[in-house]
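Visitor: when you get a sec, could you give me coordinates for this:
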Amino acid sequence: MLIKILLALAILLAVLALVAAFQSSTYRAVRSATLAAPPARVFAQTNDLRKYQTWNPFGKSDPAATYVYEGPATGVGSVLKWSSTGQTGEGTMTIVESRPNELVRYRLVFVRPMAGAGDMAITLQAQGNQTLVTWSMEGEKAYLAKVMCLFVSMEKMVGGAFERGLAELKTIVEKEAKT
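Guide: Reported below is the predicted structural model:
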């Protein structure tokens, strides 16, 4: 009986490993929100990594994380490094492209809990006296991430965090717009 259970478990693990191997090797998450503020006000929040930390949903989820800033205060070359023994792990985020009131592009490098890299962008589109903000992230999935994504959707996990971050950003810039 024990041999049958072990054999069934081995077959199940082999099937999961095979299914994971054929999963997409890339991921992409995108969320948008319309904010009642001009693009310049939103850009000021997205182009400054210190301000980014005030509405960053990933940072808020791990109070044990420590942060170090390097390079210029804003724009291309600005770097945020984080480290934690908690769920945030360790990594860096660098602004690699910055177009005033239009776009901020970031390069993410994750060291732990799972090594990897990704590209993130926040685009701004004026719509009258409002701004359509689109936050996207894409990258390659390592094999372990493919296995994990059999049970948890990367798009939903990252997308849900983006929704929380955009809601917080909306609160901040709309409050500033009223003052």
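
Visitor: low-confidence ranges, the protein, go.
Guide: 14-22, 24-25, 141-153, 177, 179 (pLDDT under 70).

Visitor: which stretches of the chain form strands?
Guide: Along the chain, counting by DSSP state E, strands occupy 26-35, 66-70, 79-83, 90-99, 103-112, 116-127, 130-140.

Visitor: export the fourth one as PDB, just CAs?
Guide: The C-alpha atoms that make up strand 90-99 are tabulated as PDB, following Å, rounded to 0.1, in the frame of the first residue of the first chain:
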ATOM      1  CA  GLU A  90      16.400  41.900  -1.400                       C
ATOM      2  CA  GLY A  91      16.900  43.800  -4.600                       C
ATOM      3  CA  THR A  92      17.300  47.000  -6.500                       C
ATOM      4  CA  MET A  93      15.200  49.300  -8.600                       C
ATOM      5  CA  THR A  94      16.800  51.800 -10.900                       C
ATOM      6  CA  ILE A  95      15.200  54.500 -13.000                       C
ATOM      7  CA  VAL A  96      16.400  53.800 -16.500                       C
ATOM      8  CA  GLU A  97      14.200  56.200 -18.500                       C
ATOM      9  CA  SER A  98      12.400  59.400 -17.500                       C
ATOM     10  CA  ARG A  99      10.300  61.600 -19.800                       C
END
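
Visitor: for that strand, what is the distance to the chain centroid?
Guide: A distance of 11 Å separates the C-alpha centroid of strand 90-99 from that of its chain, computed with CA atoms, centre = their mean, to the nearest Å.

Visitor: re the thing from before, okay, the strands of the chain in JSON lines with distance to residue 170 next?
Guide: Glycine gets a C-beta too; all of them are placed from N, C-alpha and C. Below are the strands of the chain laid out as JSON lines (distance: least, CB to CB, whole Å):
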{"stretch": "strand 26-35", "distance to residue 170": "5"}
{"stretch": "strand 66-70", "distance to residue 170": "23"}
{"stretch": "strand 79-83", "distance to residue 170": "21"}
{"stretch": "strand 90-99", "distance to residue 170": "21"}
{"stretch": "strand 103-112", "distance to residue 170": "17"}
{"stretch": "strand 116-127", "distance to residue 170": "13"}
{"stretch": "strand 130-140", "distance to residue 170": "8"}
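
Visitor: before I go, just wanted to say thanks for your time.
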